[in-house]
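Asker: need the 3D shape of this:
(chains A and B)
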Amino acid sequence: MNGASITQAMAEPPVCGGRMPRFQRPHASVPQFTNSPTMIVMVGLPARGKTYISKKLTRYLNWIGVPTKVFNVGQYRREAVKSYKSFEFFRPDNEEAMKIRKACAVAALKDVCEYFTREHGQVAVFDATNTTRERREVILSFAKENGYKVFFVESLCDDPEIIAENIKQVKLSSPDYIGCDKEEAVADFLKRIECYKITYVPLDDDKDRNLSYIKIFNVGSRYLVNRVQDHIQSRIVYYLMNIHVTPRTIYLCRHGESELNLLGRIGGDSGLSPRGIKFAAALGTYIRSQCIPDLKIWTSHMRRTIQTAEAVGVPYEQWKALNEIDAGVCEEMTYEEIQDHYPEEFALRDQDKYRYRYPKGESYEDLVHRLEPVIMELERQENVLVICHQAVMRCLLAYFLDKSAEELPYLKCPLHTVLKLTPVAYGCKVESIFLNIEAVNTHRDKPMNVDVSRDPEEALLTVPEHI
Amino acid sequence: MMRGAGRSKNTQNLDRTVCMTNCPTLIVTVGLPARGKTYISKKLTRYLNWIGVPTKEFNVGQYRREFVKIYKSFEFFRPDNEEGLKIRKQCASAALNDVRQYLTDEGGQVAVFDATNTTRERRDTIIRFAEQNGFKVFFVESVCEDPDVIAENIVQVKLGSPDYTHCNTEEAVEDFMKRIKCYENSYQTLDEVLDRELSYIKIIDVGRRYLVNRVQDHIQSRIVYYLMNIHITPRSIYLCRHGESDLNVKGRIGGDSGLSERGKEFAKRLGQFIQEQDISDLKVWTSQMKRTIQTAEALSVPYEQWKALNEIDAGVCEEMMYEEIQEHYPLEFALRDQDKYRYRYPKGESYEDLVQRLEPVIMELERQENVLVICHQAVMRCLLAYFLDKSAEELPYLKCPLHTVLKLTPVAYGCKVESICLNVEAVNTHRDRPENVNVHRTKEDALQTVPPHL
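Answerer: Residues are numbered from 1 along each chain as shown, chains lettered A, B, ... in the order given. As a prediction, the model looks like this:
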């Protein structure tokens, strides 16, 4: 089966219920074990990390190929009530506000329905406090009517330091508190939390024993998991149990420039060029200068990453999963040679670089699947330096920066440049550090003409220079 | 500083995925009798060994049976039986001693200490022991009050126990229920408050609910994930290879060819077989290679394709006959015979790589119920090794002939295997390990065990 026929099969829309088309997502990262869409429903007081979890989980699920979207009710509220005045809006006896808040929840649920039905979504994360049994009943009825599965994620935390840190990281900069003095904002937010506390009914071991949920206590020191229904819920639980909020930094870079890089050849298992060796030394110097406590270093099983790590002079771990994308029959070819021998394949790849699989090789989509355990372990770890390869680095970067399947294969990951990723607020801060050793450019942009009937010149228009 | 932490990374780790942990881990089961502790211990041990983490279980009941040659009755377990208590304590100590030897001297990574461990006092002893030796501790408690489940446990594994060989069923059940009673009064379950500093998972009602506390590291995280995915609902797993392929007939390995005529015949018979078996809700899985897909197509039921089920990648040897491999790569051929599990074809994979690739398949097989997996020789060997607890040495030589379905049914602590040959002739593709694996061997010595082909 060559890459071409699989790409075509992907054009079939997924089918809910009934018989699955044989070639539906044949190479999806997650086998489609459920046809029912799933609603993940967050539960918890303000500043318990619900939005943090919602966004992170959504990013993860999308990356592994499960179309997921967050529906943040707070945002609906901000659109309905143009300017936020004070915590008084959230008082349980504020009937006017209660009406608005309920309407926002309903509007969000309506959009969930739309996302599942029209937009082929698989998972919707309903991000709101959902702290009363009554509100959760509304959601459960809604889900039942529509045939959606429901999985609750409740975050419980009574550690005042964690809550204070949350408020600092994400609340002070919220649209609700623009222009407010810091102390006022904190005081108001704490009163807001109090408003919810009065009516908060956590998921109950007994009364809610038939619901499917995970309760996260104190940012992960303890979990209670009840009635996991299916594969996707099991994966979600596993993911949630592996993430943490301890500050740390992830460094991503490629191996130093290799001999094959210089020749403009893809893949293979060559050693470092002289400039690549210089980079490795510079990397060592840079790492030492960063004084990173307990840094773990990971490489692939390929010579060029191992050689690079050797120069850093610290123990490192080799992962086969970090090996570069397998270009199959095109291994060690130049783009010119690929155009010469496989012009049709070359064009098909340009048409859908994410899903295209080299004959006897891999696709980016396969790579993501292969890298999932690496991401899971990166989540568990703290400070890590990953020395890998261009396609691999693009996949990892796409995970951290929430890039789509369309953008992923064209992310810029130049040689001799370290990307320093630091989690901050709901996302990731990226610093790009070029270590000042020249190297070839290996980045080939998508050419204008991706038609199989294009001229060789058009195909090779964006090939970077090489020997 | 914990003793284990100073251990140097052993070079073998360089060829594998991330080193799980430098400290050995002691898994300690907790729970009344007939709560599935031994079932969990054995299954977990099997899984960890399969993914490459050297693990061994230590069942204190077995130590007791060796010490007290003949089991008389539940009275042995009465909490006021001082003599009995002394013996039981000694057995626990003996087992812990063996744990220490396994983890410290024999290169073990995980030890599963399988006993009731129902009192806080006993667990404190174990924790102290672990601290002294630099082992991490992870408790696995099984809590269950469903009388049906307990009764079924007793039927499945207690009646056949050495303790009850001389008893009739009713006597055995009655005695065992009294045995459970002996433990109930002093049972101190892991407590949310009192035990909040411990690392543990509490499994409630055979997996309806889990309480997970303080997972410390990667291996504990994997263990929790595994325990949360297994179930005990009766089901059957069917394993078979694709029908005979054109390349099979020519004696060539790998590739992506279609089915031969006989292979197509097999696919048809497989369809009939599946119909006859009348399996409820059967899921069918294939790889993404033509020959498994063609086989599944003949079944006329929906099926799921897994890239992870693709045959082992023979790299530069793809589509070669063994004779050609001997001719072009005689050194590689010999090296493979020397260590078939770890040997990686140049630009290809090893069995060890395959196991890693197949782990998500195994995890999903654990979650599922009735499944038919249509795969390939090396892949099937890996899956079979998992279910039948075969070692890395045995795995690459397991016999998985074409046109034969293996039906696996979980029973008691293991797996019943039925081999069903569907009576369609096919080439033999099994190459035994030859006598001479030396790199200087003759061509004849190397090709001695190659099965006949066109």
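Asker: elements contacting the longest helix seen in chain B?
Answerer: For chain B, the helix with the greatest residue count under DSSP state H is helix B:82-100. For helix B:82-100, the helices and strands in contact under the criterion 3 or more Cβ pairs under 8 Å, 6 or more residues apart in numbering or on different chains; DSSP states H and E are strand B:55-59, helix B:60-67, strand B:110-114, helix B:120-133. All C-beta spots, glycine's among them, are computed from the backbone N, C-alpha and C.
Asker: so which of those is the most packed in?
Answerer: strand B:110-114 (a mean of 26; mean count of other Cβ atoms under 10 Å in any protein chain shown).
Asker: show me what counts as buried in the longest helix of chain B.
Answerer: B:Gly84, B:Ile87, B:Arg88, B:Cys91, B:Ala92, B:Ala94, B:Ala95, B:Leu96, B:Asp98, B:Val99, B:Arg100 (16 or more other Cβ atoms under 10 Å in any protein chain shown).
Asker: stretch B:429-446 too?
Answerer: With the criterion 16+ other Cβ under 10 Å, stretch B:429-446 contains buried residues B:Thr429, B:Arg431, B:Pro434, B:Val437, B:Arg441, B:Asp445, B:Ala446.
Asker: any idea how far it is from the chain center?
Answerer: Counting by Cα atoms, centre = their mean, to the nearest Å, stretch B:429-446 is centred 30 Å from the centre of its parent chain.
Asker: quick revisit: out of the helices and strands packed on helix B:82-100, flag the one nearest B:Val155.
Answerer: helix B:60-67 (17.9 Å; Cβ to Cβ).
Asker: quick one: contacts of the closest one?
Answerer: Under the contact criterion Cβ atoms under 8 Å, 6 or more residues apart in numbering or on different chains, helix B:60-67 has outside partners B:38, B:71, B:87-88, B:90-92, B:94-95, B:113-115, B:162-163.
Asker: wait, B:Ile274 touches B:Leu372, no?
Answerer: Yes. B:Ile274 is within contact range of B:Leu372, at 6.7 Å (criterion: Cβ atoms under 8 Å).
Asker: which residues are in contact with both of the two?
Answerer: B:Tyr238, B:Leu282.
Asker: between those two, who's got more neighbours?
Answerer: Of the pair B:Ile274 and B:Leu372, B:Leu372 is the one with more neighbours under other Cβ atoms under 10 Å in any protein chain shown, namely 25 against 19.
Asker: relative to chain B, which residue of the stretch 251-400 of chain A is the closest?
Answerer: A:Glu317 (5.1 Å; Cβ to the nearest Cβ).
Asker: bridge partners for that residue, pull those for me.
Answerer: The partner list for A:Glu317 in beta bridges (DSSP bridges) reads A:Trp298.
Asker: next, count neighbours for it.
Answerer: With other Cβ under 10 Å as criterion, A:Glu317 counts 19.
Asker: please report how far it lies from A:Ile306.
Answerer: 11 Å (Cβ to Cβ, to the nearest Å).
Asker: hey, what's in contact with both of those two?
Answerer: Shared contacts of A:Glu317 and A:Ile306, counting by Cβ under 8 Å, 6+ apart, come down to A:Thr299.
Asker: picking up where we left off before, mind putting the helices and strands packed on helix B:82-100 into JSON lines with distance to B:Thr169 and mean pLDDT?
Answerer: Converted to JSON lines, the helices and strands packed on helix B:82-100 look like this (distance: least, Cβ to Cβ, whole Å; pLDDT from 0 to 100):
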{"stretch": "strand B:55-59", "distance to B:Thr169": "23", "mean pLDDT": "98"}
{"stretch": "helix B:60-67", "distance to B:Thr169": "20", "mean pLDDT": "94"}
{"stretch": "strand B:110-114", "distance to B:Thr169": "25", "mean pLDDT": "98"}
{"stretch": "helix B:120-133", "distance to B:Thr169": "31", "mean pLDDT": "96"}
